[in-house]
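Colleague: No letters, just coordinates:
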């Protein structure tokens, strides 16, 4: 069996009070979080995404991967010491693990979310318990039609990770592509497949803009693009 | 296919502590948010609404539209730097996209929410999964009766946007009209149509008062209409 | 058709930190909110209720009515500027409108909640979607039995308002009476009527003590009835 | 009919920031709340319980009883003025009333929760609406088996109060006993009775330690039992 | 009957503001919490786990056990006085008790969670009410298949505790093992057993890293592993 990997989705929401800190303090806070990420990314996969403008309950997503759960833990210990983390909460958190799919012959991938695409669409998923009462052949038949539909959108990369018993959901699925409209069309088309009727929960759905950690941090206080409004003369 | 447009509904709730700031600071905070909006609106659609008096969980709605999700993102980055945003949370957020309706021959509209009406009524919507198991002819038949009822209220403009896979809901629907009572009557009448039975969720419902960004900001601290209560002599 | 009226239920929760302000500041804060209410009530209906002791998530209910939604909005703009509102949140908010009942021949009432009774019991209500699939005669038959039960409690006044499309619920119902036990007995008896089975949601339920705005404000910091506990000598 | 009594369950959660106040301020805050309780308890029933160690969302339960809802209100007005209340929220609140049971010949009890037992187990309860569609004889038959099971645990005292129309639940039930394991065994055994299938909701469940108001307050900052950890030398 | 034991799962979330305190204050805060734990653990079982990196809503789990609920209470009174607790909330809390299983001949264990394994997976559980309507033989048959599947994973230790009537869930189950992937595979395999269809709720699921109290506290501010980022020269 291929080596399995943990994948951790950590969504951060920054306290609005942080935005009221002065510029140098904010810069230092961001630099510390960036350093924690760069250190981890030296030899392990780390991806960053911004959710500013797509959701209201989080600003930033960090995806860390490692075959060792202790390493995922250690990364978050270090992360929590960074200045920015001291003004942040984690409103959404998903822990998952790779494993071979029962519906595909592909080997377990050593790393997920490896594309260069501009967007990732991510959500936790659970199936109705009745699904698991179907016999394996029937489940395979239903999943085949589902997979078939997905294949008609070759421009979209799918990543499936498993959370049974290690987090609240059963799966965390993530899709990478260049055009959000393509993914919207795929999901709408999948609604009419038989497999869709067996879904219990597939929300929240996160539309994520791929970028470097540094860019995602700069998006938090828009240093690069800030407009200047002259203060009122006293 | 007509060009598709993203539409983003961003509901803001202002921290009561902001109301305790002094007048000049509040004025500056509002001016900065207004500047961010005016900059965006130079060549892209931006609408503002107040929800003060109609809901308790938000004060202000900004609706931004663009064919580019990166532009929606950038707008919110700039917005977040404005003084007022530093005292605000986003308790409700809906991302959607236009596309041709399978139940109508109309082309995709390049822009939604374009009327001059005084009110907009907005809600996210999801249908029961069983709906998507009906065959297309049956769905078209059921939707026709629904649309027919809507046509008897020509004074109400409907805007439908799609969120499959890019946000938690399937649709964001918004209705523009002059008399809230007309819309209430339409929705009550629609309850008895066959399509209504296939709705899974259609809340929260936002009653929104159309106004300029400046007016919606002034409603936050009522500068124009403030009553003066003389302080108690010491 | 009789003129229709908007009715807005605004429940306020005061931040415990406000209670820690000194007495003069609290008195000024309350005076400002009272002034906003008195101004509105000059020529429009405004009722106040205290929920202290009956609920934990709100302290005060203000019910404002007007045929114009813009006036409801303006009232809340002014309200928000008052000192006390700057320490308050609105954990519950219901917007509704009067209209003729399909199950009664009574005209639309120009104003609701007009009794002199000591208590009001208020809740948002939604029926199961299947209810609206019954034919009108069947619905009228079921409602008649419901109404019949209510008539056996003539000491209780019922007020029904409609929220289809303008807020999350379908109805806001309020009952006024002198003895809470009478209302409890009525609701328990209604459980066995056929109509009860068609209710989807009828919570939260607010037990509200009728009083003047001034009294409801004084209940917040109990100025009139405060016990004095001597401070510890240093 | 025996006189009916209101019973109010007020669960308090103390802000962790209060724990950071200095000892004399905390002592004064507690003394004020104690005074409010002692004043009420002069001629009306008041019981206190600690939930520290059994739940995470509340620390203290005060149960006040009176035939007058205005008195319950007045008690909470006075309570809110005490120093400790200014650092507290009320995360759970249940208002109920006594009345004769339709399934028993016992008279309405003038006061609930009168035992000397060490523990009380308290929860709000609602039955499925279908329950109320059963005919009265059938309901009586099902309840008899339920009551029969309870009788085999004579060491447990049951108290039932009614909330139809005056709060979100239908009932508030409370059980008093000396051994929590006995109550756990009873509840597990009741799961197999027919009546259990008609329960819609019976959570949250509060395990409460009976004590005097003073003891429950002292448990908040453990004055009596505090360990001293010497501060680090500078 | 073997002596029964209470087991209390107390999940702590530290306020991000605590992370902004200076190092000596944090060290003192942690030392006080450690002292409270060491005192309790002198003659009673106490286990600590970190959830940093596996969840977003809590940081630390303390599991205390005692045959006396008053002792569990007293421990939490002392705990609340420690410096760190004054910056903490308890977002998840589960109270349970051991008792003999109706599906096994094993005696009640005097203590749970006694393994040396690196991980514990913990969740509250409730079965559908219909489960309890099955006759005892049928339930035993279904549980046997469930237990049989578990036995094929001898490297995983299971601990079952009962919460009927003393907390919101019916059971708290905890699994100890060395490889999270093994537990994930077991849970996924259990989905296809008949017993799985009778589960009403089995979330939230906590992936917990076993460690000493001191280590779990050090993970909060990563004293040992902190990276130093030089501050910006002024």
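Modeller: Cool, got the structure. All values reported here derive from a predicted model rather than from experimental measurement. Numbers count the residues shown, from 1 in each chain, chains lettered A, B, ... in the order given.
Colleague: use CA for all of it now, contacts and neighbours both
Modeller: Fine.
Colleague: Please, where are all the helices along chain A?
Modeller: Using DSSP state H, the helices of chain A run over residues A:16-19, A:23-41, A:69-81, A:136-151, A:180-190, A:213-221.
Colleague: And those helices: which comes nearest residue E:116?
Modeller: Across these, residue E:116 has its closest neighbour in helix A:69-81 (15.9 Å, CA to CA).
Colleague: which residues are contacting that closest one?
Modeller: A:6, A:8, A:33, A:36-37, A:40, A:64-66, A:85-86, E:19, E:51-54, E:209, E:219-222, E:225-227 (CA atoms under 8 Å, 6 or more residues apart in numbering or on different chains).
Colleague: Quick one, which of the residues you listed are buried?
Modeller: For the contacts of helix A:69-81, a burial check counting by 16 or more other CA atoms under 10 Å in any protein chain shown picks out A:6, A:8, A:33, A:36-37, A:40, A:64-66, A:85-86, E:19, E:51-54, E:209, E:219-222, E:227.
Colleague: coming back round to it: need the helices of chain A in JSON lines with mean pLDDT, can you?
Modeller: Listed next are these as JSON lines, based on pLDDT from 0 to 100:
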{"stretch": "helix A:16-19", "mean pLDDT": "96"}
{"stretch": "helix A:23-41", "mean pLDDT": "97"}
{"stretch": "helix A:69-81", "mean pLDDT": "97"}
{"stretch": "helix A:136-151", "mean pLDDT": "96"}
{"stretch": "helix A:180-190", "mean pLDDT": "98"}
{"stretch": "helix A:213-221", "mean pLDDT": "97"}
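Colleague: out of those, which comes closest to residue D:149?
Modeller: Here helix A:136-151 is closest among the helices of chain A (CA to CA), at 43.7 Å.
Colleague: counting contacts, what elements does that closest one pack onto?
Modeller: Where contact means 3 or more CA pairs under 8 Å, 6 or more residues apart in numbering or on different chains; DSSP states H and E, helix A:136-151 is packed against helix A:180-190.
Colleague: restrict the buried ones among the contacts of helix A:69-81 to contacts with chain C.
Modeller: When contact is defined as CA under 8 Å from any CA of the partner chain, those do not meet chain C at all.
Colleague: And for the nearest residue to residue A:107 once chain neighbours are set aside, the neighbour number?
Modeller: Of all residues not flanking residue A:107 in the chain, residue A:100 sits nearest, at 6.0 Å (CA to CA, 6 or more residues apart in numbering or on different chains). For residue A:100, the count of nearby residues is 17 (other CA atoms under 10 Å in any protein chain shown).
Colleague: Residue A:100 and chain D: what is the separation?
Modeller: 40 Å (CA to the nearest CA, to the nearest Å).
Colleague: what's near enough to touch that residue?
Modeller: A:106, A:107, A:108.
Colleague: what are the phi and psi values for the nearest residue to the last one once chain neighbours are set aside?
Modeller: Ranked by CA to CA, 6+ apart and with sequence neighbours excluded, the top spatial neighbour of residue A:108 is residue A:100, at 4.9 Å. Phi and psi for residue A:100, reported as degrees, to the nearest 10, are phi -60, psi 140.
Colleague: What is the burial count for residue A:142?
Modeller: Neighbour count for residue A:142, taken as other CA under 10 Å: 17.
Colleague: for residue A:106, same thing?
Modeller: The tally of other residues near residue A:106 (other CA under 10 Å) stands at 9.
Colleague: List phi and psi for the residue of chain A found nearest chain B.
Modeller: Relative to chain B, the nearest point of chain A is residue A:53 (4.4 Å; CA to the nearest CA). Backbone torsions of residue A:53, given as degrees, to the nearest 10, read phi 90, psi -20.
Colleague: Hmm, residue A:165 is touching residue E:183, no?
Modeller: Yes: assessed by CA atoms under 8 Å, residue A:165 is found in contact with residue E:183 at 6.6 Å.
Colleague: Who has more neighbours out of those two?
Modeller: More neighbours surround residue A:165 than the other of residue A:165 and residue E:183, with 28 against 24 (other CA under 10 Å).
Colleague: what's the distance between that one and residue A:90?
Modeller: 21 Å (CA to CA, to the nearest Å).
Colleague: again, but for residue A:63
Modeller: From residue A:63 to residue A:90 the distance is 13 Å (CA to CA).
Colleague: what do the two both touch?
Modeller: residue A:10.
Colleague: With residue D:11 as the reference, measure out to the residue of chain A found nearest chain E.
Modeller: When scored by CA to the nearest CA, chain A has residue A:73 as its residue closest to chain E, at 4.4 Å. Distance, residue A:73 to residue D:11, using CA to CA: 36 Å.
Colleague: okay, those two: which has more neighbours?
Modeller: residue D:11 (25 against 20).
Colleague: Thought residue D:59 was touching the more buried one, still the case?
Modeller: Yes: Residue D:11 is within contact range of residue D:59, at 7.3 Å (criterion: CA under 8 Å).
Colleague: and residue A:24, how many residues sit next to it?
Modeller: The local packing of residue A:24 (other CA under 10 Å) involves 12 other residues.
Colleague: Distance-wise, check the residue nearest to residue A:108 relative to chain C.
Modeller: In terms of CA to the nearest CA, residue A:100 sits 43 Å off from chain C.
Colleague: Over to residue A:127?
Modeller: Using CA to the nearest CA, residue A:127 is found at 25 Å from chain C.
Colleague: and if you look at residue A:140?
Modeller: Taken as CA to the nearest CA, the span from residue A:140 to chain C is 35 Å.
Colleague: same thing with residue A:157?
Modeller: In this view, residue A:157 and chain C are 38 Å apart by CA to the nearest CA.
Colleague: go on, residue A:97?
Modeller: Here residue A:97 is placed at a distance of 39 Å from chain C (CA to the nearest CA).
Colleague: Equivalent analysis for residue A:130, please.
Modeller: Residue A:130 is 25 Å from chain C, by CA to the nearest CA.
Colleague: I'd assumed residue E:198 was in contact with that residue.
Modeller: No: Residue A:130 lies out of contact with residue E:198 (CA under 8 Å); the separation is 10.2 Å.
Colleague: higher neighbour count, these two?
Modeller: residue E:198 (16 against 13).
Colleague: residue contacts, that one?
Modeller: Residues near residue E:198 by CA under 8 Å, 6+ apart: E:127, E:128, E:130, E:131.
Colleague: Please name the bridge partners of the first one.
Modeller: So the one you mean is residue E:127. Counting by DSSP bridges, residue E:127 is bridged to residue E:199.
Colleague: Tell me how far it lies from residue E:200.
Modeller: According to CA to CA, residue E:127 and residue E:200 sit 5 Å apart.
Colleague: And those two? Which one has more around it.
Modeller: residue E:127 (18 against 14).
Colleague: Go ahead and confirm the more buried one touches residue E:196.
Modeller: No: in terms of CA under 8 Å, residue E:127 does not count as a neighbour of residue E:196; the distance is 9.3 Å.
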